[in-house]
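K.L.:
Sequence and predicted structure are below.
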Amino acid sequence: MTGRVTGLVTGLVTPRVNGADLARRFHHEVVEPLVRGEFGDVPLVAGRFGGGSDVLGHDDDVSADHDWGLRTTLLVPAGPPVARFLQDALPAEFAGHPVRFPTTWDGSARHRVEVATVEDFVRARLGVGPQDPWSVADWLSFTGQAVLELRAGPVFADDEGRWEELRRRLTWYPDDVWRYLVASAWKQLEQELPFVGRTGSRGDDLGSRVIAARLGEVAVRLGLLLDRTWAPYAKWLGTAAAAAPGGRVLPALSRALRAQDWREREDALCAALEDLLAHQRDVLGGPARATGPFHDRPFRGVVEHLAEDVLAPVTDPAVRALPLGAGSVEGFVRAVDVLVRPDLRRALAAGLTDGTAR
């Protein structure tokens, strides 16, 4: 077990022990002294990287029931048997927490200091190495969660500056790719916004709600794109959006999802899109309005050419050759077993580029 805690409070739950802070203490007081003592001045990169709510700073008392505890990452050059050494050298517990414990992916009780090379650790999340040239297809294959597993957690050691260099490279998308992703989000909204009203007007309230919910996620992701903020996986998507400037659209989106009538639902969605466009005008420019009448029907749609106008300044031929509306892999794939596999994401991204951006 990982030191499960009880006595949860109602409302906002705060952790009794922050996982990242616990990992920092464990590294500096135990792991690093042992490794330095055995292997000398071997260059280290260390921190709380990878998966886990504590990497994003969101762990609470509920998080402690599985896969939580003394988890750190130690990246070293290939060769020294650091992992095997730590298995024998680490103590049984630290700060009242067991050092060796099972997880949902490994039922054996072993230490959770993940030891790897920088190259292998990065490649396991992005599918490419930290020094490789990254193509348009590579950028489209990255998920925000994969990037956050490298960028979000605290750094405990970076002896040669390699982690700082990687994080600087992962600050944000290249500008042309960014514009393409924003344009694709608008295209997705354009393609289905009128269906919120059309389905509702036919008495299909469930269909209207399903479409509204899907467009709500597109809108949330668009807000994060405009804020230049990497999107975490689904559990923390709303939390990330609420903390970002684009989170100002969330009240309107909440009204859309609560609405009992399709007209109210459509009005709230359109209000959220107008707020997003107002934000976009500050960073990328845009027209005066995001939505308007849909032909002669009593429904609303995204105004014509909004997506195309966002894409117009793009000069990279590999980006211009992409199908507008597809976006990144995480924008059109919802299967978790695909999103966590860099090889599958890269295969899908290569299909999008059709060889033009490899």
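P.N.:
Done, it's in. Residues are numbered from 1 along each chain as shown.
K.L.:
Show me what the longest strand along the chain is in contact with.
P.N.:
Longest strand in the chain by number of residues (criterion: DSSP state E): strand 106-116. For strand 106-116, the external contacting residues (C-beta atoms under 8 Å, 6 or more residues apart in numbering) are 31, 50, 69-76, 82-83, 86-87, 90, 98-103, 121, 124. (C-beta placed from N, C-alpha, C; glycine too.)
K.L.:
Pull out the buried members of the residues you listed.
P.N.:
Buried by 16 or more other C-beta atoms under 10 Å: 31, 50, 69-76, 82, 86, 90, 98-103, 121, out of the contacts of strand 106-116.
K.L.:
what is the mean pLDDT for the longest strand of the chain?
P.N.:
Confidence over strand 106-116 (mean pLDDT, whole number) is 88.
K.L.:
partners of it, with directions?
P.N.:
For strand 106-116, the paired strands and their directions (DSSP bridges) read strand 71-75 (parallel), strand 100-103 (antiparallel).
K.L.:
next one: it to chain centre, how far?
P.N.:
From the chain centre to the centre of strand 106-116 is a distance of 24 Å (C-alpha atoms, centre = their mean, to the nearest Å).
K.L.:
buried stuff in it?
P.N.:
Using 16+ other C-beta under 10 Å as the test for burial, strand 106-116 gives 110-113, 115-116.
K.L.:
Kindly report the same for stretch 22-34.
P.N.:
Residues of stretch 22-34 classed as buried by neighbour count (16+ other C-beta under 10 Å): 22-24, 26-27, 30-32, 34.
K.L.:
out of these, which are inside helices?
P.N.:
Among the buried residues of stretch 22-34, the members falling in helices (DSSP state H) are 22-24, 26, 32, 34.
K.L.:
and of the residues you listed, the nearest to residue 157?
P.N.:
Of all those, residue 32 has the smallest distance to residue 157: 6.7 Å, by C-beta to C-beta.
K.L.:
Can you verify my assumption that the closest one contacts residue 42?
P.N.:
No - Residue 32 is beyond contact range of residue 42, at 10.8 Å (criterion: C-beta atoms under 8 Å).
K.L.:
Distance-wise, check the residue lying closest to residue 63 once chain neighbours are set aside relative to residue 217.
P.N.:
Excluding the flanking residues, the one nearest residue 63 by C-beta to C-beta, 6 or more residues apart in numbering is residue 53, at 5.0 Å. Residue 53 sits 20 Å away from residue 217, going by C-beta to C-beta, to the nearest Å.
K.L.:
who are the neighbours in contact with residue 307?
P.N.:
By C-beta under 8 Å, 6+ apart, residue 307 lies in contact with 183-184, 186-187, 190, 324-325.
K.L.:
Test my guess that residue 283 contacts residue 223.
P.N.:
No - counting by C-beta under 8 Å, residue 283 stays clear of residue 223, with 11.4 Å between them.
K.L.:
Tell me, please, where in this structure the pLDDT is lower than the cut-off.
P.N.:
Residues of the chain meeting the criterion pLDDT under 70: 1-16, 355-358.
K.L.:
Longest helix in it, please.
P.N.:
In the chain, taking DSSP H as the definition, the longest helix is helix 175-201.
K.L.:
So this protein: which segments form each domain?
P.N.:
With domains defined by automatic domain parsing, the chain comprises 19-116, 175-315.
K.L.:
can I get those in CSV with distance to residue 133?
P.N.:
CSV is the format used below for those (distance: least, C-beta to C-beta, whole Å):
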stretch, distance to residue 133
domain 19-116, 22
domain 175-315, 14
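K.L.:
So which of those domains is nearest residue 160?
P.N.:
Nearest of the domains of the chain to residue 160, taken as C-beta to C-beta: domain 19-116 at 5.0 Å.
K.L.:
What separates the first and last residues of that closest one, distance-wise?
P.N.:
In domain 19-116, first residue to last residue: 21 Å (C-alpha to C-alpha, to the nearest Å).
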